[in-house]
Structures are given as C-alpha cells and as structure tokens.
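Colleague: Just the structure for this:
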Amino acid sequence: MADGDRADAELAARAQQGDQRAYAELVRRHQNRIFRHLLNLTGSREEALELSQEVFLKAWEALPGWRPEAQLHTWLYRIASNLAYDLLRRRRIVSYEPLAEDWDAPADEAGPEARLQARQGMAALDAALARLPPDQREIVLLREVEGLSYDELAATLGIDEGTVKSRLARGRAALAQAYRRTHHE
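Modeller: Below is the predicted model:
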C-alpha cells in the first residue's frame with residue numbers, strides 16, 4: 001500500500017469513528033482531483049462544483065460501509081462518476097471543459113513558433129477529447145491525466161481489468177482518430 005493510500009486509510013478509519021477533522025483532511029486531499037474529474041465529465045464548472053460537494057456528502061454518509069481494502073480515491077471517483085452520469089442522463093447534452101494549461105509547454109527559449117505549435121496541438125487535443133463519448137473520455141483521462149492504474153480503473157468503473165484494457169484501447173484509438181481529423185481540419 002502506498003504512503004498516500006495508507007494515510008487515506010488511517011484518516012478514513014478515524015472519520016468512520018466520527019472524527020470530522022480527519023474527514024475534512026480527506027476532502028482537502030481529494031477535492032481537486034474529484035473536481036477536475038467531474039469538470040471533464042460535465043463540461044461545467046458550476047455543475048462540477050455542485051457535484052463535488054455532493055460526492056463528499058455521499059461519501060460521508062456511506063463512509064461506515066467503506067472497507068480499507070478499497071482504495072479511497074477509487075471509491076471517491078466511483079461516487080463522482082455515478083453522480084456525473086446521473087446528471088448527464090438527465091441533461092442529455094454533454095459538453096467538455098478543455099484540459100487545464102498546466103501541461104509542460106515549451107520553454108521560452110524554444111521560441112514563439114514552438115510555443116504556437118504546442119498551443120495548436122493542445123487545442124486539437126481538447127477538440128478531439130470533446131468529440132469522444134463521455135465513457136471513453138473518462139477512461140482515457142483517468143488513465144492518462146490522473147494516472148490511475150488498470151486495477152484502480154477497474155475498481156473506479158466497476159469493471160474487470162480486461163474490460164478496462166479493451167475500453168482504454170478503444171478510447172485511445174478513437175482519440176487518435178478524432179485528433180487526426182481535428183488537427184488536419
């Protein structure tokens with residue numbers, strides 16, 4: 001178990017005993033990644049903020065049933081995904097919020113042409129991600145941006161690891177095709 005997972009498990013165990021400070025620390029540790037995940041799924045900052053609050057309320061209510069064998073962050077992603085998909089089903093219109101610009105842009109010494117090409121490539125990637133169905137976009141972003149492992153993806157999405165690998169392969173292929181189409185338009 002990684003140090004972060006161990007700390008989460010200890011905080012969760014304390015929170016299960018009613019320690020609100022421990023739960024507040026869990027929220028602080030995970031709120032940004034849950035918000036970013038919800039923003040990528042809903043395409044709306046307001047909805048992502050609202051759903052983030054709902055995720056942590058539901059998690060607090062369900063915490064007595066959480067088991068230490070389950071990684072806390074995958075459990076939170078699962079709650080977040082379920083809430084987002086409920087919203088998307090009700091809304092029936094899916095939008096996409098572009099990736100944050102905290103990616104590794106070329107250094108200033110690379111010159112304006114390299115920076116322009118990087119910005120154009122990022123814009124094409126965002127447009128390609130926006131074209132993906134939400135379930136494909138989710139699995140690609142959870143793996144490539146959030147860095148979840150195959151077993152973490154399986155736990156988060158409630159599917160087996162083989163299904164994770166095949167869905168991820170389809171999502172990557174669809175992203176590559178959408179990127180080529182977008183980048184050459």
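Colleague: low-scoring stretches of the chain, by residue?
Modeller: In the predicted model of the chain, residues 1, 92-110, 183-185 satisfy pLDDT under 70.
Colleague: in it, which spans are helices?
Modeller: Assigned by DSSP state H, the chain shows helices spanning 3-16, 20-42, 45-62, 72-91, 112-131, 134-144, 150-157, 161-183.
Colleague: which ones are touching the most centrally placed residue in the chain?
Modeller: Centroid-nearest residue in the chain: H37, 3.0 Å away (criterion: C-alpha atoms, centre = their mean). If you count contacts by C-beta atoms under 8 Å, 6 or more residues apart in numbering, H37 has them with Y77, A80, S81, A84, E138, L141, L142, E146. Quick note: C-beta positions are derived from backbone N, CA and C, even for glycine.
Colleague: Surely the last one is in contact with R33?
Modeller: This points to E146. Yes - here E146 reaches R33: they are 6.3 Å apart, a contact under C-beta atoms under 8 Å.
Colleague: can you count the residues close to Q17?
Modeller: Q17: 9 surrounding residues under other C-beta atoms under 10 Å.
Colleague: before we move on, what about E46?
Modeller: Neighbours of E46 under the rule other C-beta under 10 Å: 8.
Colleague: mind listing what it touches?
Modeller: Residues in contact with E46 (C-beta under 8 Å, 6+ apart): none are found.
Colleague: Tell me how far it lies from F35.
Modeller: Counting by C-beta to C-beta, to the nearest Å, the gap from E46 to F35 is 12 Å.
Colleague: do the same with L157
Modeller: L157 sits 19 Å away from F35, going by C-beta to C-beta.
Colleague: what does L116 give?
Modeller: L116 is 30 Å from F35, by C-beta to C-beta.
Colleague: More neighbours: which of the two?
Modeller: Applying other C-beta under 10 Å to L116 and F35 shows that F35 carries more neighbours, namely 18 against 11.
Colleague: ok, and the closest non-adjacent residue to the more buried one?
Modeller: Using C-beta to C-beta, 6 or more residues apart in numbering and skipping residues adjacent in sequence, the residue nearest F35 is S52, 4.8 Å away.
Colleague: residues touching the one you found, list them.
Modeller: Applying C-beta under 8 Å, 6+ apart to S52 gives the contacts Q31, I34, F35, L38, A80.
Colleague: And those, which of them are buried?
Modeller: Neighbour counting by 16 or more other C-beta atoms under 10 Å classes I34, F35, L38, A80 among the contacts of S52 as buried.
Colleague: now these in JSON lines, with distance to D151?
Modeller: Listed next are the buried ones among the contacts of S52 as JSON lines, based on distance: C-beta to C-beta, whole Å:
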{"residue": "I34", "distance to D151": "19"}
{"residue": "F35", "distance to D151": "24"}
{"residue": "L38", "distance to D151": "22"}
{"residue": "A80", "distance to D151": "18"}
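Colleague: residues making contact with stretch 173-185?
Modeller: So stretch 173-185 is in contact with G121, A124, L125, A127, A128, L129, R131, L132, P133, Q136, V140, going by C-beta under 8 Å, 6+ apart.
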